[in-house]
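K.L.:
Need a 3D model of the sequence below.
(2 chains)
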Amino acid sequence: MLEFIDANCRLGRGPAPREGAPNTTEEILALMDRFQVRSAVVYHASAQYAEIMASNRRLKEETRGSDRFFMQWAVLPPVWDLFPDPEALLDEMKQNGVNSVRMFPAQFGHSMKRYAAGALLDTLAAHRVPVFLPFDQIGNWDALYELCETYPDVRFVLCSPGYRCLRWLVPIMDRCPNLYVETSNFLMHNGFRLFCANMGADRLVFGSGMPEASLAAAASQLLLSDISQTEKEQIAGGNILRLLSEVAL
Amino acid sequence: MIGENVLRGEPFKGVFIFDIHAHIDATSDFELTDSSPDKVVRTLDALGIGGACVSSILSIHADCPLGNLHVKEACSKYPGRLYGYLTVSPYDPDTDLDGAFADPHFKGMKVHAAFHRTAINDPRYEPYWEYADKKRLPVLFHAWELADVRHIAELAPRYPDAKFIIGHGAMRTWEIKREVVKAVKHNGNIFADTTVSVAYDGAIEWAASQLGADRVCYGSDIPFYDCRHVVGKVATSRLSDADKEKILGENAKKILDLP
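P.N.:
Take a look at the predicted model:
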């Protein structure tokens, strides 16, 4: 049986809870049980939509004390003292057992260029902290390429690239070994088989996108894919565990 | 129990699964992987899916007659596995419908008004609705927007013997879902398919509870999407096996009049 680590999961109440969807931590844990998800990388909904740092600090409470969650904080480049400076941020992450970050440049309204985000991203790179980036937060594929080139030591995990991505994504991945892809919206027909055959399995990271997207759908795609068991294990959890194990805080 | 095979990564056995919303051919917009009839059937084989009703992406995007010919050829190559939708457009008023439906592989019509740069309530579609009504044929709509659902709801009572399938209809936004529920409750000849594959967990159960399990059909949109998402999601849902059987294939069998 394949065991999963879900690299893309959100806790806390979002802006539009759906009827019947897993809207609480307990419901998410129940779904994780059904689909053999041992652990999930989680961020707080309010850190995306409202008070960023205060919600990061509340994330632990939202995990209900479960040891099945890898906590992830939403971060942005500080302005004055309105957000912790990079070293202070990493200290606080370490104290709280947080080992990855997520950035929302479009929503939070900041640049990812070196003049604005350089200090933060250099610090994250020095500590090998993976930086998760939803595709819709980057703007376009050229911006993603520029980002990966500008910060070659940052491990970027692109979330929800969609099913129309191949012509953009493959050339970027060919040139940027620091780019990983999370698979919750990686919907192309036979995508896993084609990707593994052409690029290998070591840069795909399983994610569900819960609660907005479906763990059942994401897990089914990988479980039923015609790739080897070793490749499935890499994607299901091996790759994200490797990334997280290399974090040095 | 239906769906346990998914957790073991094994194909389906002992349950009839039919994809009511599938395609063949390619698009220039992006790399549509493994979109030939051979590759689509290969995926169906690998998963234990009994068959699919396909329309041509070429028909939807540009050349209706040529794409329909591709469908005819594909269905002839894979009898009993692939059936076809005849894509109809406002720009081919002389389409020989009797001639097309003389081929038993064609089971219904496909309408993609958005790509044909018009709307479902375009009066140039009327002859097709009349024909579908007369022959009791299903019509599968690309229904992405709220207006699409409203237009279908207007058509259904006027053509009560036609069967209207709201493509992508079962699980989109709250506003659209509300409109789909209203349309299905008021019209016995409206159905919805499941082709929004990453919609949240619980969406299938919600659709079945609101529309009735006999009005929801498994459709994947393969090869736009990998069908593994949706078929696994329906199969592993919390619905009863009886409801899963309806959604996965039995409803399609009735709607498309499959042998």
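K.L.:
For whichever helix or strand A:Q48 is part of, output the C-alpha coordinates as CSV.
P.N.:
Per DSSP states H and E, A:Q48 falls inside helix A:45-49. Output of helix A:45-49 as CSV, limited to C-alpha atoms (Å, rounded to 0.1, in the frame of the first residue of the first chain):
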residue,chain,number,x,y,z
ALA,A,45,-5.9,29.9,5.9
SER,A,46,-5.9,33.2,7.8
ALA,A,47,-2.2,33.6,7.1
GLN,A,48,-3.1,33.7,3.4
TYR,A,49,-6.2,35.9,3.7
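K.L.:
Tell me, how many residues neighbour residue 194?
P.N.:
Using chain A. 17 (other C-beta atoms under 10 Å in any protein chain shown). (C-beta placed from N, C-alpha, C; glycine too.)
K.L.:
I was thinking of chain B, sorry if that wasn't clear
P.N.:
Neighbours of B:T194 using other C-beta under 10 Å come to 30.
K.L.:
which one is A:D174 nearest to, not counting chain neighbours?
P.N.:
A:M199 (8.0 Å; C-beta to C-beta, 6 or more residues apart in numbering or on different chains).
K.L.:
Would you agree that neighbour is in contact with A:M173?
P.N.:
Yes. A:M199 is within contact range of A:M173, at 6.3 Å (criterion: C-beta atoms under 8 Å).
K.L.:
With neighbour numbers in mind, choose between the two.
P.N.:
Legend: neighbour count by other C-beta under 10 Å for A:M199 and A:M173, higher for A:M173 (21 against 15).
K.L.:
any idea how far that one is from A:P161?
P.N.:
Distance, A:M173 to A:P161, by C-beta to C-beta, to the nearest Å: 10 Å.
K.L.:
and for these two, which residues touch both?
P.N.:
Here A:M173 and A:P161 have A:V181 as joint contacts, going by C-beta atoms under 8 Å, 6 or more residues apart in numbering or on different chains.
K.L.:
contact partners of the helix holding A:Q48?
P.N.:
Contacts of helix A:45-49 (C-beta under 8 Å, 6+ apart): A:10-15, A:53-56, A:58-59, A:73-74, A:102, A:104, A:107.
K.L.:
mind listing what's buried in that helix?
P.N.:
Using 16 or more other C-beta atoms under 10 Å in any protein chain shown as the test for burial, helix A:45-49 gives A:45-49.
K.L.:
What ranges does chain A have for its strands?
P.N.:
A:4-11, A:37-44, A:69-75, A:98-103, A:131-134, A:156-159, A:179-182, A:204-205 (DSSP state E).
K.L.:
Is there a neighbour count for the residue of chain A found nearest chain B? I'd like the number.
P.N.:
Relative to chain B, the nearest point of chain A is A:S220 (2.1 Å; C-beta to the nearest C-beta). Using other C-beta under 10 Å, the number of residues around A:S220 comes to 29.
K.L.:
Then A:D142?
P.N.:
A:D142: 11 neighbours (other C-beta under 10 Å).
K.L.:
Over to B:L97?
P.N.:
B:L97 has 19 nearby residues by other C-beta under 10 Å.
K.L.:
could you point out where the chain is predicted with low confidence?
P.N.:
Reading this off chain A. Within chain A, no stretch has pLDDT under 70.
K.L.:
not quite, I wanted chain B
P.N.:
Those would be B:170-171, B:197-198, if you go by pLDDT under 70 across chain B.
K.L.:
what about the strands in it?
P.N.:
B:18-24, B:51-56, B:82-87, B:106-111, B:138-142, B:163-167, B:190-193, B:216-217.
K.L.:
Of these, which is nearest chain A?
P.N.:
strand B:18-24 (9.9 Å).
K.L.:
Where does the stretch 101-250 of chain B get nearest to chain A, which residue?
P.N.:
For the stretch 101-250 of chain B, C-beta to the nearest C-beta, closest residue to chain A: B:G232, 2.1 Å.
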